[in-house]
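1. need a 3D model of the following:
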Amino acid sequence: INQEMREYNENLAKQRAEAKFKPIQATSKSKTYADKDIRREFFENFLKAEREKGTDITEILNQLAKLGKFDVKA
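-> Residues are numbered from 1 along each chain as shown. Presented below is the predicted three-dimensional model:
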C-alpha cells in the first residue's frame, strides 16, 4: 500500500508540475459608473437648442432670473 501511495503522490506531483497556471481572459459586462449630472446635461442641451433657434443667451438668463431660479449677477 505504501508503494502505491508513493507512486500516486509522484504521479500527482508530475501532473501539477506539467499543468502550469493559465489565467482566464475575462471581459466585464458591467458598466463602470459614469458621473453624469442629469440636470446639467439637460440644461446644456436646452441652451444648445435655444442658440440654434436664435434666442439670445442673455434673454434666457434674464427669464430664469425672473423665475428666481438663477442669479444673473453671479
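
2. flag every buried residue along the helix or strand of the chain with the lowest mean pLDDT.
-> The least trusted helix or strand in the chain, going by mean pLDDT, DSSP states H and E, turns out to be helix 57-67, with a mean of 79. Along helix 57-67, not one residue counts as buried under the neighbour rule (16 or more other Cβ atoms under 10 Å). (Glycine included, C-beta is placed from N, CA and C.)

3. send over that helix as PDB, restricted to the C-alpha atoms.
-> Only the C-alpha atoms of helix 57-67 are listed here, as PDB (Å, rounded to 0.1, in the frame of the first residue of the first chain):
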ATOM      1  CA  ILE A  57     -28.400  83.700 -24.100                       C
ATOM      2  CA  THR A  58     -28.900  86.800 -22.000                       C
ATOM      3  CA  GLU A  59     -32.600  86.700 -22.700                       C
ATOM      4  CA  ILE A  60     -32.800  83.200 -21.400                       C
ATOM      5  CA  LEU A  61     -30.800  84.100 -18.300                       C
ATOM      6  CA  ASN A  62     -33.000  87.100 -17.600                       C
ATOM      7  CA  GLN A  63     -36.100  84.900 -17.800                       C
ATOM      8  CA  LEU A  64     -34.600  82.400 -15.400                       C
ATOM      9  CA  ALA A  65     -33.700  85.300 -13.000                       C
ATOM     10  CA  LYS A  66     -37.300  86.400 -13.100                       C
ATOM     11  CA  LEU A  67     -38.400  82.900 -12.000                       C
END
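
4. residue numbering should commence at 34 henceforth.
-> Shifting the count to begin at 34 puts that one at helix 90-100.

5. do you know how far Ser61 is from Glu74?
-> From Ser61 across to Glu74, the span is 25 Å (Cβ to Cβ, to the nearest Å).

6. could you list the low-confidence segments of the chain?
-> Judged by pLDDT under 70, the chain has its weakly predicted residues at 51-54, 64-69, 102-107.

7. go again using 80 as the cut-off
-> The chain contains residues with pLDDT under 80 at 34, 48-59, 61-72, 90, 93-94, 96-98, 100-107.

8. which stretches of the protein form helices?
-> Listed in chain order, the helices found in the chain under DSSP state H are 35-51, 71-86, 90-100.
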